[in-house]
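Undergrad: The following block contains a protein sequence and its predicted model.
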Amino acid sequence: MTERGQFEAGLRRTAPPGPLPSESEPALLDKIRAEIALSGPMTFARFMAIALYDPEHGYYRSATERPSRAGDFLTAPETHPIFGAAVARQLDEVWRRLDRPGRFVLREYGAGSGTLAATILAGLRSDGSGLVDAISYEPVEINAHRQAQIDARLGPLAQAAAGVGSPSSSGPRPARFVGAALANEFLDALPVHRVEQRDGRLWERLVEWDDASGQLREQPSQPSTPALAARLARDGVTLVEGQVAEICLEVEPWLAEVAADLERGLVVIIDYGHRAPALYDPVRTGGTLRAYAGHRAHANPFIAIGRQDLTAHVDLTALEAAARAHRLDLLGDVSQAEFLVGCGLEELVDRVRSSPATTMEEWLAIRSAVARLLDPAALGGFRVVLLGRGLEPRMRLRGLSAYPPGV
Ligand SMILES: C[S@@+](CC[C@H](N)C(=O)[O-])C[C@H]1O[C@@H](n2cnc3c(N)ncnc32)[C@H](O)[C@@H]1O
């Protein structure tokens with residue numbers, strides 16, 4: 001199976017990849033071409049927003065299940081329920097630190113079909129946590145088919161807040177809350193601008209239609225906004241000649257919204273990402289933009305438009321700057337492997353091993369899932385960033401047990 005973000009270490013496949021679609025959604029391609037014909041070349045961020053979020057044909061609007069074994073990639077919550085059970089322990093600790101509020105909102109951005117929430121609840125139940133009775137689930141999911149699945153699965157617990165933080169956001173803003181905001185593999189899909197350093201200056205790679213080849217292509221142009229150069233300058237980054245990079249300007253407004261709504265509690269961001277010096281290191285000379293389809297990863301965003309996922313690694317420096325700007329405490333960040341171990345993953349595995357009810361099949365499934373969840377070259381290498389408000393920052397949370405002291 002393909003975990004997203006794995007491509008740098010090479011794809012480690014445990015199942016044969018499916019066929020790579022090459023045909024784009026015709027209506028989507030027509031829409032992009034028409035917009036370019038009318039308004040000129042578009043930013044890559046605009047292209048990505050149409051490809052992923054177009055209300056009718058965008059990749060994230062489709063009925064097809066994407067993060068699954070039969071889909072395009074496999075996320076940690078979909079790998080095994082033990083992932084949710086470990087996250088549940090972190091949430092339980094935060095609920096206790098907050099003096100066990102009677103209502104604890106779990107707002108999940110990019111909730112998919114609700115697997116993470118369902119497995120968190122199952123974990124809380126099997127731990128006997130009182131948080132089960134306090135939790136109120138607010139999924140933020142742009143895909144109407146996934147929302148319907150969440151409703152069917154989590155019933156009255158799910159208080160639909162569809163579209164919050166999304167490019168197509170139109171619904172009412174939910175109230176401020178005490179609890180946790182969770183985003184697993186959400187930020188990597190926010191639209192990015194693509195830039196290139198050439199002839200000693202920064203260009204933005206705009207998307208245009210090439211009549212000769214009958215395809216979309218990128219063309220270095222005047223940057224669409226000074227915010228791109230400003231971001232790199234603030235991150236302390238100078239790209240080397242010929243280097244291509246992605247810049248996501250949507251992380252800031254997203255976190256601003258989370259911070260505005262979070263009265264007290266925790267923000268958990270799990271994604272593949274790096275701090276700016278590593279993200280923009282010349283070793284990644286072509287950037288980190290990748291397309292995913294049928295458990296394959298590749299670098300061509302202009303095929304299979306609307307039928308493949310597009311992602312880029314998250315800039316953790318920009319995330320931290322946004323957190324500071326919006327008065328969220330930087331509690332720390334660790335690898336996903338460290339986070340899961342800190343949350344008691346090994347104890348959860350032991351519980352399954354020692355239960356007489358566990359079948360050999362279940363035991364083998366959990367063992368292979370845990371290996372993938374902890375593998376530093378796969379899901380274990382994702383970063384888990386914890387931000388907080390109203391939690392004593394010096395009292396380290398269990399998920400951050402491996403976070404260096406004094407940082
Ligand atoms: C990679 S999947 C991850 C799903 C789930 N968090 C998991 O880990 O299995 C990303 C999910 O985020 C949703 N999504 C993407 N962008 C979104 C946005 N701007 N607002 C709300 N949901 C979004 C997609 O529809 C999809 O269900």
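TA: Alright, I've got the coordinates.
Undergrad: List the contacts of E320.
TA: Applying CB atoms under 8 Å, 6 or more residues apart in numbering to E320 gives the contacts L330, V385. C-beta here means a position set from N, CA and C on the backbone, and glycine is covered the same way.
Undergrad: Quick check: phi and psi on T317?
TA: Main-chain torsions, T317, degrees, to the nearest 10: phi -70, psi -40.
Undergrad: give me the number of residues near it?
TA: The number of residues packed near T317 is 21, by other CB atoms under 10 Å.
Undergrad: Leaving out sequence neighbours, find the closest residue to it.
TA: A276 (3.8 Å; CB to CB, 6 or more residues apart in numbering).
Undergrad: gap between that neighbour and the ligand?
TA: 23 Å (CB to the nearest ligand atom, to the nearest Å).
Undergrad: is it true that that residue touches D235?
TA: Yes. The pair A276 / D235 is scored as a contact, 3.7 Å apart, by CB atoms under 8 Å.
Undergrad: Common neighbours of these two, please.
TA: With CB under 8 Å, 6+ apart, A276 and D235 have common neighbours D315, T317, A318.
Undergrad: pLDDT at the first one, what is it?
TA: In the predicted model, D315 carries a pLDDT score of 98.
Undergrad: count of residues packed around it?
TA: 29.
Undergrad: Quick check, it in contact with D271.
TA: No. D315 is beyond contact range of D271, at 10.5 Å (criterion: CB under 8 Å).
Undergrad: Can you tell me which residues in the chain are near the ligand?
TA: Taking CB under 6 Å from any ligand atom as the contact definition, the chain meets the ligand at 60, 67, 75, 77-78, 110, 112, 115-116, 140-143, 146, 165-167, 184-186, 189.
Undergrad: Mark which of those residues are part of strands, please.
TA: Of the residues of the chain next to the ligand, the ones assigned to strands by DSSP state E are V140, N184.
Undergrad: Could you identify the buried members of the residues of the chain next to the ligand?
TA: 60, 67, 75, 77-78, 110, 112, 115-116, 140-143, 146, 165-167, 184-186, 189 (16 or more other CB atoms under 10 Å).
Undergrad: what ranges do the helices span in the protein?
TA: Shown for the chain, the helices assigned by DSSP state H span residues 26-39, 44-53, 76-79, 81-97, 115-127, 131-134, 144-154, 227-234, 251-261, 276-279, 316-325, 336-342, 345-354, 360-374.
Undergrad: Can you list the low-confidence ranges for the stretch 301-407 of the chain?
TA: By pLDDT under 70, the low-scoring segments of the stretch 301-407 of the chain are 405-407.
Undergrad: State which one residue of it is found closest to the ligand.
TA: D309 (6.9 Å; CB to the nearest ligand atom).
Undergrad: Could you report the distance from that residue to V258?
TA: 23 Å (CB to CB, to the nearest Å).
Undergrad: And G128, by the same measure?
TA: 30 Å.
Undergrad: and what of D72?
TA: 27 Å.
Undergrad: ok, now which ones touch S213?
TA: So S213 contacts nothing (CB under 8 Å, 6+ apart).
Undergrad: which stretches of this protein aren't confidently modelled?
TA: Checking the chain against pLDDT under 70 turns up 1-21, 65-71, 156-174, 405-407.
Undergrad: Who's the closest spatial neighbour of the residue nearest in space to the middle of it, skipping the chain neighbours?
TA: Centroid check for the chain by CA atoms, centre = their mean gives E185 as the closest residue, at 2.0 Å. Of all residues not flanking E185 in the chain, T75 sits nearest, at 5.2 Å (CB to CB, 6+ apart).
Undergrad: ditto for I150
TA: G114 (3.9 Å).
Undergrad: okay, the helices of the chain in JSON lines with distance to S221 next?
TA: What follows is the helices of the chain, written out as JSON lines (distance: least, CB to CB, whole Å):
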{"stretch": "helix 26-39", "distance to S221": "13"}
{"stretch": "helix 44-53", "distance to S221": "11"}
{"stretch": "helix 76-79", "distance to S221": "38"}
{"stretch": "helix 81-97", "distance to S221": "42"}
{"stretch": "helix 115-127", "distance to S221": "40"}
{"stretch": "helix 131-134", "distance to S221": "51"}
{"stretch": "helix 144-154", "distance to S221": "36"}
{"stretch": "helix 227-234", "distance to S221": "12"}
{"stretch": "helix 251-261", "distance to S221": "23"}
{"stretch": "helix 276-279", "distance to S221": "23"}
{"stretch": "helix 316-325", "distance to S221": "23"}
{"stretch": "helix 336-342", "distance to S221": "38"}
{"stretch": "helix 345-354", "distance to S221": "48"}
{"stretch": "helix 360-374", "distance to S221": "41"}
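Undergrad: give the contact list for whichever residue of the stretch 1-150 of the chain sits closest to the ligand.
TA: Distances between the stretch 1-150 of the chain and the ligand by CB to the nearest ligand atom are smallest at G110, namely 2.6 Å. G110 sits next to V140, E141, I142, A183, N184, E185, F186, A189 when contact means CB under 8 Å, 6+ apart.
Undergrad: Also L266?
TA: L266 touches Q90, L91, V94, G179, A180, A181, L331, L386, L387, G388, L391, L397, counting by CB under 8 Å, 6+ apart.
Undergrad: do the same with V341
TA: Contacts of V341 (CB under 8 Å, 6+ apart): L374, S401, A402.
Undergrad: Any quick PyMOL command for the buried ones out of those?
TA: Only the buried entries of those go into this PyMOL selection, using 16+ other CB under 10 Å:
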select buried, resi 374
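Undergrad: Looking at the contacts of V341, spot the one nearest P101.
TA: S401 (24.5 Å; CB to CB).
Undergrad: The closest one contacts G342, correct?
TA: Yes. Between S401 and G342 there is a contact under CB under 8 Å: 3.8 Å.
Undergrad: tally of neighbours for the residue lying closest to L319 once chain neighbours are set aside?
TA: Spatial nearest neighbour of L319, excluding adjacent residues (CB to CB, 6+ apart): V251 at 5.7 Å. V251: 22 surrounding residues under other CB under 10 Å.
Undergrad: V251: what's it in contact with?
TA: When contacts are taken as CB under 8 Å, 6+ apart, V251 is in contact with L187, L190, V314, D315, A318, L319, A322.
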